[in-house]
Structure formats: structure tokens, C-alpha cells
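> sequence and predicted structure are below.
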Amino acid sequence: MTNLVLHRSSNASSEYSSDHNALEFALEKSRRRSVAKGKTAISLFSGGGGLDIGVEAAGFKTLACIEKDANCCATLSSNQPKYFRHAEIINADVNAVELNALKKRLGLRTGDLDLLFGGPPCQTFSQIGKLQSLNDERGALLFTMVKYAKALMPKAIIIENVKALLSAKNLRGETGGVVRDLSKALENLGYKVSMQVLNSADFGVAQSRKRLFIVAVRGIGAFEFPFAPLPKSEYATVGAAISKLPKPVLKGKTPKFPNHIDITPAGDKHRISFVAEGEYLAKTFTAPASVRGRLSPKDTTKFLRLGRAKQSNTLRCGEIFFHPSQDRYLTPREYMRIHGFPDDYVLQGPVRGRSGSVRDLDQHRQVANSVPPLVGLAVARAVAEHLKSN
């Protein structure tokens, strides 16, 4: 039996404004008019907490956040005073948690839990990865959601992943077989399964990010995705998202805004100086060949300078995008604003260089791996409405 680790929380800073962020209003409104009041939830693959913020904003009380990465757990713990007050932050592999012990510890019987949610690792299904699907142990973690569902029998389940999961091959080599097998496994437990690809930009996030959401519910009716996209004229922009931030500090200094740290090396500052706003280095033929290096026209996200008047490309773990007008990487705080995190949410862990690596997830990767909180809020609120009416 695995020892479940409970992290103690510390005070999070809230000494800065966030007038850019629609999530602040949505969070407060949801707390006042919660449709999920009293309903419980458990989070798997919690990461930096993006989906968790949205679920709690919809009114669910998260009882446990289970996450393997130590830096992510430190982030969740440091934000507990405001965001996950009732949750145990369990630093463990989801498959190493003994589920009967977990239920006993949380005071749950089978069928008591209202919502199980999580975003299992997507790298093995992603188009930018090696598409190993279930042949990679990370891909098999998708079916851990079924394992937990069988043990807990929650009233609803939310699963988030890349849209390429829709065509991922199962172990029999069938295109689309993974999602069909997942749906069948949940249906065999008595769930009705619905799924839809959602674009974060449609929910007021300053980023074009298309992800698959799978919702499974027990009861009479199937869940219906009720979302109407925002008109493109009302999309949030990068410029609006990162405005009013002060100049970032260099690594090693304490920023006025937490996580607002510039780690750009001098060589990369020089290379990006040739790139116009909204363009990428491989397309910048006025740059010397020595600056472009071995980049090909397909390298559209490497040395990408974002544009202020439009949405960001999907934030990724491999590259850090560049500021629209300054010759530097975007800071973790700017990533958080583009992703829709509230300003009083603070990341823990190291800030890496572009080519650097750390054992656990650094701050940029914690953001890029997460669900934008506004999207999580919309889906969780819709699930709460479904549970209320069924």
C-alpha cells in the first residue's frame, strides 16, 4: 500500500491587480451562485492546477489532487489557501495509490463521489510526438481513469486530452480504436459518454488551443455540450492579456509579480531581434543564414514572436514563445496570463532556459501542460447543471 503524501499549504501572494482577466469575475460569480454547491470531486494528473481551478470555480469541493510531479504538487500546495482548501495534495503515481485506502481516508463509499476529472498525459497521442499511443506507458495512463471510475463510481467524469486522441490506434492497430475502447470500458460500467473538441479561444482565453473533452455520466440522460463559441470579434488577444505588467526581472532576482522572470540568453535575444511581430525565424529571410541556422520552413513554432492583436499559438512544452515587441522569451507569468490563470495564483519550481532541462516540470511547462481555467470552468459548470437536472 502506498503512503499518501499530504502537503502543507503556505500563503499565496495577492498583492497585484488582474483587471485583464475574465476568470477573476467568473470565479467570484461562481462562488456566489454555485450550481455544484456541496458536490465533491477528485482530480487525477492534476499538474499545475488549471483544470482544478475551473472545477472549484464551478462549485465542486475537491477532496484530493493526485499528481506525480513534485514541482506541480508544490504549486498546488502553495495555492491551497484560496483554491483547493479542502484537498489533500497527494504526491504519487496515480497507479500506486491504493484505492480502498483512498476512499476510507476521504470518507467515501462507492457511488458517493460526484466528479472524477483529469487530463492524462497526451504526449504519446500528440501529432508533434512519436504517436506511440498505447505502446507508450504514458498512453496507457488514459485507462487509469477507468480504473478509478470502477472503484469510485462517480456520478460524472471529465477527461481532457489532445484532439489527435480521436484517431489514435489501439493495440489492434485500429484507427480511432483508443477512444472507442475507452468509451466502451466506461459504458460497461454504466456511463453514457459524450465528447467534443473545444477551442480555448471560444471561452475568452488569449490562445488558440483545441483539445478533446470527454464527459461520462451515470443516470437518465446523456451529457450534451452546450457551448456556443464567442464571436471572433470578442476573442481575447495576447496584447490585452499581457498588458500592464512591469518589466520582468532577471533570473535570480525577486520579481514584483511572482513568476515574472526573464531567462533569455544573449544569443537568443540576438536571433529573435531579426523577427517581426507575429512571425517566426525560419520565415525571416532577411536574417543571416548563421542566425537562421538549420531551421526549416516547417519550424513555425521555433523562435516564434507572438502578435499583440491576435491569439497565441497553443503553448507548448518544447519551445518558449517570444514577446511581441521585446527581444526576450515570454515569462512564466505572461504564459499564465495567456492561459487564463488568475494573477494571485503562483507557480513553484524552477524556471528553465530554452534548452535546459529539470527533473520535474518547470514553470513554463506547468502552464503549457494545463487546461486553461476558463475552459475547465465552462465544462465543469455544464456538468454540474447536468447533475442537478438528472
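Ah, there it is.
> residue boundaries of the strands in this structure?
40-44, 61-67, 88-91, 115-118, 156-162, 192-199, 210-217, 249-250, 261-262 (DSSP state E).
> got TSV for those, with mean pLDDT and distance to residue 342 too?
Where C-beta positions appear, they are placed from N, C-alpha and C, glycine not excepted. Shown next, in TSV, are the strands of the chain (pLDDT from 0 to 100; distance: least, Cβ to Cβ, whole Å):
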stretch	mean pLDDT	distance to residue 342
strand 40-44	98	18
strand 61-67	97	16
strand 88-91	98	19
strand 115-118	98	19
strand 156-162	96	19
strand 192-199	97	20
strand 210-217	97	20
strand 249-250	94	21
strand 261-262	96	18
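> so can I have TSV of those showing mean neighbour count and distance to residue 294?
Listed next are the strands of the chain as TSV, based on neighbours: other Cβ atoms under 10 Å; distance: least, Cβ to Cβ, whole Å:
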stretch	mean neighbour count	distance to residue 294
strand 40-44	26	40
strand 61-67	23	37
strand 88-91	23	40
strand 115-118	26	38
strand 156-162	25	27
strand 192-199	18	32
strand 210-217	22	29
strand 249-250	12	29
strand 261-262	20	26
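> could you dump these to JSON lines with distance to residue 243?
JSON lines is the format used below for the strands of the chain (distance: least, Cβ to Cβ, whole Å):
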{"stretch": "strand 40-44", "distance to residue 243": "32"}
{"stretch": "strand 61-67", "distance to residue 243": "32"}
{"stretch": "strand 88-91", "distance to residue 243": "33"}
{"stretch": "strand 115-118", "distance to residue 243": "32"}
{"stretch": "strand 156-162", "distance to residue 243": "29"}
{"stretch": "strand 192-199", "distance to residue 243": "23"}
{"stretch": "strand 210-217", "distance to residue 243": "25"}
{"stretch": "strand 249-250", "distance to residue 243": "18"}
{"stretch": "strand 261-262", "distance to residue 243": "17"}
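> out of these, which is closest to residue 271?
strand 261-262 (15.6 Å; Cβ to Cβ).
> tell me where the chain has helices.
Remark: helices assigned in the chain by DSSP state H are 22-32, 50-57, 70-78, 99-106, 137-140, 144-152, 177-187, 238-242, 266-272, 289-292, 332-339, 363-368, 373-389.
> quick one: low-confidence ranges for the stretch 151-300 of the chain?
Judged against pLDDT under 70, the stretch 151-300 of the chain has no low-scoring part.
> what is the burial count for the nearest residue in space to residue 99 that is not next to it in sequence?
Distances taken as Cβ to Cβ, 6 or more residues apart in numbering put residue 151 closest to residue 99, at 4.1 Å, once the chain neighbours are dropped. Neighbour count for residue 151, taken as other Cβ atoms under 10 Å: 18.
> again with the one 3 residues further on
By the criterion of other Cβ under 10 Å, residue 154 has 25 neighbours.
> that one and residue 115 touch, don't they?
Yes. When contacts are counted by Cβ atoms under 8 Å, residue 154 is listed as touching residue 115 (5.8 Å).
> which residues are in contact with each of the two?
Common contacts of residue 154 and residue 115 (Cβ atoms under 8 Å, 6 or more residues apart in numbering): residue 42.
> list the contacts for the residue nearest to residue 99?
Residue 151 sits next to 99, 100, 103, 110 when contact means Cβ under 8 Å, 6+ apart.
> measure it to residue 287 for me?
Look at residue 151 and residue 287: by Cβ to Cβ, to the nearest Å, they are 56 Å apart.
> and residue 158, by the same measure?
Counting by Cβ to Cβ, the gap from residue 158 to residue 287 is 44 Å.
> look up how far residue 69 lies from residue 362.
Distance from residue 362 to residue 69, counting by Cβ to Cβ: 10 Å.
> one more: residue 153?
28 Å.
> residue 339 too?
Plainly put, residue 339 is 17 Å away from residue 69 if you go by Cβ to Cβ.
> more crowded one of these two?
residue 339 (27 against 21).
> any of the contacts of residue 151 buried? List them.
With burial judged by 16 or more other Cβ atoms under 10 Å, the buried subset of the contacts of residue 151 is residue 103.
> what is the nearest of the contacts of residue 151 to residue 248?
Lowest distance from residue 248 to those (Cβ to Cβ) belongs to residue 99, with 43.6 Å.
> quick check: chain neighbours aside, which residue is closest to residue 295?
residue 282 (4.0 Å).
> which residues sit in contact with the one you found?
292, 295, 296, 297, 298, 299, 300, 302, 303.
> what does the last one show for phi and psi?
Dihedral angles of residue 303 (phi, psi; degrees, to the nearest 10) stand at phi 50, psi 50.
> rewinding a little: buried among the contacts of residue 282? Make that a ChimeraX selection.
In ChimeraX, a selection of the buried entries from the contacts of residue 282 looks like this (16+ other Cβ under 10 Å):
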select :292,295,299,302,303
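> which of the contacts of residue 282 sits closest to residue 215?
Among those, residue 300 lies closest to residue 215 (Cβ to Cβ), at 32.3 Å.
> against residue 367, how distant is the closest residue in space to residue 148 that isn't next to it in sequence?
Nearest residue to residue 148 in three dimensions, chain neighbours excluded: residue 116, at 5.8 Å (Cβ to Cβ, 6+ apart). Counting by Cβ to Cβ, the separation of residue 116 from residue 367 is 24 Å.
> now swap in residue 309 and tell me
In terms of Cβ to Cβ, residue 309 sits 22 Å off from residue 367.
> the two: which has the busier surroundings?
residue 367 (28 against 11).
> give me the buried stretch members for stretch 286-295, please.
Buried residues in stretch 286-295 (16+ other Cβ under 10 Å): 287, 291, 292, 295.
> before I go, just wanted to say thanks for your time.
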